[in-house]
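A.B. asks: build me a model:
(one chain, ligands or ions: 2)
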Amino acid sequence: MTARSSLTVVLAAGEGTRMRSSLPKVLHPVANQSLLAHVLRAAPAGPGSRLAVVIGPDHQAVADEARKIRADVETFVQSERLGTAHAVLAAREAIARGADDLLVAFGDTPLISAETFERLRAPPKNGAALTVLGFRAADPTGYGRLLMQGDRLVAIREHADASAEERKVTLCNAGVMAFDGKTALKILDKIGNANSKGEYYLVDAVTIARDMGLEAVVIETNEDEVRGINTKAQLAEAEGVMQARLRKVAMEAGVTLIAPETIFLAADTAFGKDVTIEPFVVIGPGVSIGDGAVIHSFSHIVQSTIGKNASVGPYARLRPGATLGDSVHIGNFVEIKASVLEAGAKANHLSYIGDAEVGANTNIGAGTITCNYDGFFKHKTIIGTGAFVGTNSSLVAPVKIGAGAYIGSGSVITKDVPDDAMAVERSQQSTREGGAKRYREIKMKQKNKQL
Ligand code: UD1
Ligand code: CA
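C.D. replies: Ligands and ions are numbered 1, 2, ... in the order given. Here you go, the predicted model:
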């Protein structure tokens, strides 16, 4: 760690027109977190580290997101989008307050790591006025090219302004830079807009620093870390890179992923020991999975806690607030929402359990529904320990089923059932001897007449 103070300015004022979306570009998600959240989480944090985000004029939602991630963030509005250097200067007030290192990052490069920010901060310590993060692009089209003389960086040329010869250069500008705080403003104030787009280009800082007799250097990283997201196709590529990272981390922690490329994880998934995840499982944010649990194929899980040795799926859906105790079994086509199922409870087939408490070792029969919504309000269903709810029962909430109670199949339960009681709610069965045979004969006669 460095003892130097820092200000990180994250640029997020672009319109993101190429995303063709009404959502601001930096709020699009990768691994269930906004692009901006990924960048802000990687930026230097802790004592001596300040953070500023530059947002567009109508992007209050971007400011709100930034504050959610880092409460101490300052936001600045760039009222006209006149280029990346102009955007940095929207945060002039924060820059003028001074910091040893001024770091600039883009809100649309979500795969950047905290280590890379740290690496960028080494050259300023040794006197470099400007440190640029570079990468070798497989296809450099659209990126600014780093023009070198030996190992000296002399200029960055934007794609639109580059000559045919310069376009052959594959070493590109990632967009992340570290300025020495002492000279940063002097350099930034000299940037003009004499280029094909008439924009104030941050990349011009390199030539200006050179002309001032200051040093500009490059630090390289791999392309995956600095993919800039301008289109939906690039968003999908970044998701792919992020998912590959998450799967690798999960497997390194001992999770068995049977077909990793088919399993989608969130950045915050917490795994116990010896967890197995079968192919085609989607795990959203806020999920924790206990030791020895098995998630069977085609399950979809969000904001849920799964106990030790529990079994979920195939085809289970756990919605926010599903809390499963140890050894709970949730089978196919069972949906659980905002409900606690105590240890050993089972709902193995075709059920909806919402706003419920289910006691330990209770068995919920196939097709059971907790009717939690009356069209206006949500109500709770409380089921005691060791109860047995027969197949195809409707439990109309608010309702309580006592411990050890037994509900006959097909019942519509609207009144509380005491402990150890048996409740059956259905009409009497009538059976007529020979009735089916007589019915068949009458119908056959009618049919034969018509032929
Ligand atoms: C930029 C770089 C390019 C680099 C590439 C890496 C410049 C001039 N170009 O190009 O050298 O290879 O990123 O991905 O710096 N923004 C504002 N206000 C503005 C303009 C942009 O806040 O007026 C923000 C955008 O929201 C975005 C970032 O700055 O987060 C980069 O802007 P973008 O238009 O995406 O630049 P690129 O053309 O990708
Ligand atoms: Ca970009």
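A.B. asks: mind checking the SS state of the residue in the chain positioned nearest to ligand 2?
C.D. replies: Nearest to ligand 2 in the chain, going by Cβ to the ion, is residue 228, at a distance of 3.7 Å. Heads up, the C-betas are built off the backbone N, CA and C, glycines and all. Here residue 228 is coil, with the state taken from DSSP: H, G, I helix; E, B strand; the rest coil.
A.B. asks: hmm, it is touching residue 176, no?
C.D. replies: No. Counting by Cβ atoms under 8 Å, residue 228 does not reach residue 176; the two are 10.4 Å apart.
A.B. asks: tell me which of the two has more neighbours.
C.D. replies: Neighbours per residue, other Cβ atoms under 10 Å: of residue 228 and residue 176, the larger number sits with residue 176, 26 against 18.
A.B. asks: and the pLDDT at that one?
C.D. replies: At residue 176, the predicted lDDT confidence score is 96.
A.B. asks: which strand or helix spans it?
C.D. replies: strand 171-180 (DSSP states H and E).
A.B. asks: say whether ligand 2 is contacted by that strand.
C.D. replies: No. If you take Cβ under 5 Å from the ion as the test, strand 171-180 misses ligand 2, and the best it gets is 6.8 Å.
A.B. asks: what about dumping the CA coordinates of that strand to CSV?
C.D. replies: Taking Å, rounded to 0.1, in the frame of the first residue of the first chain, the C-alpha atoms of strand 171-180 are listed here in CSV:
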residue,chain,number,x,y,z
LEU,A,171,-0.9,-0.9,-28.1
CYS,A,172,-4.0,1.1,-27.0
ASN,A,173,-5.2,3.5,-24.4
ALA,A,174,-7.3,1.8,-21.7
GLY,A,175,-8.6,5.1,-20.5
VAL,A,176,-7.2,4.8,-16.9
MET,A,177,-4.5,7.3,-16.1
ALA,A,178,-2.6,8.5,-13.0
PHE,A,179,-1.4,12.2,-12.9
ASP,A,180,1.1,13.5,-10.4
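A.B. asks: which other helices and strands does it contact?
C.D. replies: Where contact means 3 or more Cβ pairs under 8 Å, 6 or more residues apart in numbering; DSSP states H and E, strand 171-180 is packed against strand 101-106, helix 114-120, helix 122-125, strand 130-136, strand 145-149, helix 223-226.
A.B. asks: burial measure for the residue lying closest to residue 101 once chain neighbours are set aside, as a count.
C.D. replies: Leaving aside its sequence neighbours, residue 101 sits nearest to residue 6 (Cβ to Cβ, 6 or more residues apart in numbering; 4.4 Å). Burial of residue 6 is recorded as 23 neighbouring residues (other Cβ under 10 Å).
A.B. asks: now swap in residue 434 and tell me
C.D. replies: Count around residue 434 with other Cβ under 10 Å applied: 7.
A.B. asks: and what of residue 37?
C.D. replies: Residue 37: 23 surrounding residues under other Cβ under 10 Å.
A.B. asks: looks to me like it is in a helix.
C.D. replies: Yes. Counting by three-state DSSP, residue 37 falls inside a helix.
A.B. asks: now it, nearest residue through space, not along the chain?
C.D. replies: Nearest residue to residue 37 in three dimensions, chain neighbours excluded: residue 69, at 5.1 Å (Cβ to Cβ, 6+ apart).
A.B. asks: for residue 419, give me its contacts.
C.D. replies: Residue 419 sits next to 384, 402-405 when contact means Cβ atoms under 8 Å, 6 or more residues apart in numbering.
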